[in-house]
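Visitor: Provided below are the primary sequence and the corresponding predicted coordinates.
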Amino acid sequence: MTVRVPMSPPVLEWAVKRTRLPVDELEKKSDFHCLRSWLGGESTPTFRQAQKLAKLAGIPFGYLLLEEPVQRTPHLPDFRTPGSTPLSDYSPALEQTIYACERRLEWYAEDALASGIAGPSFIGRFSTDTSVGKATDWACALLDWVPGKRERSRDRVATLADAIEHTGILVMRSSVVGNNTQNKLDSDEFRGFTLIRHSFGLIFINSADSGVGKLFSLAHEFGHILIGEQGISGGPLNQRAVERWCNQFATALLVSTKDILNRWSETRDLESVCQWSFKTFGVSRDVTVWLLVDNGVLPREAGQRFLQEAPSSPPTAQRNRGGDFTVGLRSRLGGLFLEAVTGALVEGRIDEREASRQLGVKKISAIEALVDQYQGLP
C-alpha cells in the first residue's frame, strides 16, 4: 500500500518556494511530475516524494506535517544590502550553514568556559568611531601580520586564518553545506558572516568566492570581531557604517597604503598599479582603486570608469584536490575547533556520538584519525 503525506497548502507552497526552483523546472524531476496536482489539492505526494521535497527545501521532514510554515530566518544582523532593511530571503544553504556554525560556537564557548578558559578579551574593543589606523596597528601587532610579507604570499588566506585562530577566534571556510559537495554555497548571496556568543567569536568565509574575495572577506570579518558586531556580509560597496568601517579596516590590514601611493606616484598607470598590488598584497582592483580615490590622488569618476571598463578579477576555480579528508575538514571547521572537539573526546567530556555531530563526520575511523592528528603525542 502506498503511503501518502497530506500537507496543508501553506506548508506545501512554502516548501516548494524554499527549493528556489521554478515549478516548471521542479516538474521535470522524476519525483515531482505531479507537483501541480499537489498544489491544486487534487493529489498528495507519496512518503518518498515528501522526503525528497524536504531534502530539496533544506528542512526537517516533520516540518511538512505542520499546519503553518516554520519561521527559520536566523536572528542575525544582515549587512548584505544598504539601508536599514535586512534581507529576509535566506537560501536553505545559507540557513543551514548559519545554524551549524551557531551550534558549534555555542558548544565551543560552553566547553571552554566549563574548562575555565575565558573568551578573547578584544571582541568589541573598538567601535566605528575608532580610527581605522589605530585599530589596524593594534591588529597587526596582535596577529604578527605585515601586509605583503613575502613568506606569507603563497597562501595569504590560510596564513591570516591561522593568525586569527591563534588569538582564540574560530575561523571556518567552506564552499558547501557541511561535507555535502553537491550542496554548494553561492558567493553572490553572501561573502561571509561573524557570530559572537559568550565572549567568543566565529568567522565563516564563503570559499566559493574568488581568492582575492576570500582574503578581503576574512580581514573584513575580523573587523566585525574587533567592533563586536556580528552579522552577514555581502558585496564591497555597502555604505552602512559598520560595513564601511570594516571595509576600510580590511584594506588597511591587507595593503600598505604608503607603498601603493608611491607606486602610483612613480607610474601613474592604473592598470600597472592594480597588477602590482595584486601580486604584492593579493587584493582586487576594487581595493586598489578605491584606496587611491579615498586618498585623493585619483578622481572618483576616473576610478569608476576604470572598474566598469576593466575586466574584474577572475574567480578562483574550485578544484577538487582529493587527498586527505582531514585536510579539507581543517579548512571547513578550523584547526581550533577540531582541536577542541578531539580534546573533549579524549578527555571524556563528550562521547563519540557528540563528536560525530559537531564534526559532521559519521565514520568512527575518520574521527579516530582526527584524534591521532590533533591529540597524538609528538
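Guide: Cool, got the structure.
Visitor: distance check, the nearest residue to Arg300 once chain neighbours are set aside against Gly376.
Guide: Nearest residue to Arg300 in three dimensions, chain neighbours excluded: Val293, at 5.2 Å (Cβ to Cβ, 6 or more residues apart in numbering). In this view, the C-beta of every residue, glycine as well, is placed from N, C-alpha and C. Using Cβ to Cβ, to the nearest Å, Val293 is found at 52 Å from Gly376.
Visitor: between those two, which has more neighbouring residues?
Guide: Neighbour count, other Cβ atoms under 10 Å: between Val293 and Gly376, Val293 has more, with 16 against 10.
Visitor: ok so, going back, surely the residue nearest to Arg300 is in contact with Arg305?
Guide: No: with contacts counted by Cβ atoms under 8 Å, Val293 stays clear of Arg305, the gap being 11.6 Å.
Visitor: spell out the secondary structure type for Thr181.
Guide: Classification of Thr181 using DSSP: H, G, I helix; E, B strand; the rest coil returns strand.
Visitor: distance of it from Ser174?
Guide: From Thr181 across to Ser174, the span is 10 Å (Cβ to Cβ).
Visitor: neighbour-wise, which of the two wins?
Guide: Legend: neighbour count by other Cβ under 10 Å for Thr181 and Ser174, higher for Ser174 (22 against 12).
Visitor: secondary structure element for the residue lying closest to that one once chain neighbours are set aside?
Guide: Closest residue to Ser174 apart from its sequence neighbours, by Cβ to Cβ, 6+ apart: Arg332 at 4.3 Å. Arg332 is part of helix 325-333, with elements assigned from DSSP states H and E.
Visitor: which other helices and strands does that helix contact?
Guide: The contact analysis (3 or more Cβ pairs under 8 Å, 6 or more residues apart in numbering; DSSP states H and E) places helix 325-333 against strand 170-174, helix 364-375.
Visitor: go with 10 Å
Guide: Identification of packing neighbours for helix 325-333 by 3 or more Cβ pairs under 10 Å, 6 or more residues apart in numbering; DSSP states H and E yields helix 92-114, helix 156-165, strand 170-174, helix 335-346, helix 352-359, helix 364-375.
Visitor: what's the burial count for the residue nearest to Ser174?
Guide: Neighbour tally, Arg332, other Cβ under 10 Å: 19.
Visitor: shared neighbours of Val293 and Arg305, which are they?
Guide: Common neighbours of Val293 and Arg305, using Cβ atoms under 10 Å, 6 or more residues apart in numbering, are Pro299.
Visitor: related to what we said a few turns ago, need the residues touching each of Thr181 and Ser174.
Guide: Common neighbours of Thr181 and Ser174 (Cβ under 10 Å, 6+ apart) are Gly328.
Visitor: about what we covered before: quick check: the residue nearest to Arg300 touching Glu301?
Guide: Yes: assessed by Cβ atoms under 10 Å, Val293 is found in contact with Glu301 at 9.5 Å.
Visitor: just to revisit the earlier point, highest mean neighbour count out of the helices and strands packed on helix 325-333?
Guide: Most buried of the helices and strands packed on helix 325-333, by mean neighbour count (mean count of other Cβ atoms under 10 Å): strand 170-174, with a mean of 23.
Visitor: quick one: strands adjacent to that one?
Guide: strand 200-206 (parallel) (DSSP bridges).
Visitor: CA atoms of the strand it pairs with as CSV?
Guide: Below are the C-alpha coordinates for strand 200-206, written out as CSV (Å, rounded to 0.1, in the frame of the first residue of the first chain):
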residue,chain,number,x,y,z
PHE,A,200,33.7,34.0,21.9
GLY,A,201,33.6,34.6,18.2
LEU,A,202,33.4,32.7,14.9
ILE,A,203,34.2,33.9,11.4
PHE,A,204,32.8,32.0,8.4
ILE,A,205,34.1,32.6,4.9
ASN,A,206,32.3,31.5,1.8
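Visitor: and the strands in the stretch 201-350 of the chain?
Guide: Here the stretch 201-350 of the chain has its strands, by DSSP state E, counting those that start in this stretch, at 231-233.
Visitor: for it, give me the ranges with low pLDDT.
Guide: 235-239, 311-324 (pLDDT under 70).
Visitor: try 80 this time
Guide: Applying pLDDT under 80 to the stretch 201-350 of the chain flags the ranges 234-240, 310-327.
Visitor: and the stretch 1-150 of the chain, by the same measure?
Guide: In the stretch 1-150 of the chain (pLDDT under 80), the answer is 1, 71-75, 79-89, 148-150.
Visitor: try it again with 90
Guide: 1-6, 14, 17-31, 40-42, 55-63, 66-67, 69-93, 95-96, 146-150 (pLDDT under 90).
Visitor: show me where it has its helices.
Guide: 9-18, 23-27, 35-39, 47-57, 92-114, 132-143 (DSSP state H, counting those that start in this stretch).
Visitor: export these as TSV, with columns for distance to Gly360.
Guide: Formatted as TSV, the helices of the stretch 1-150 of the chain follow (distance: least, Cβ to Cβ, whole Å):
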stretch	distance to Gly360
helix 9-18	22
helix 23-27	28
helix 35-39	31
helix 47-57	16
helix 92-114	8
helix 132-143	28
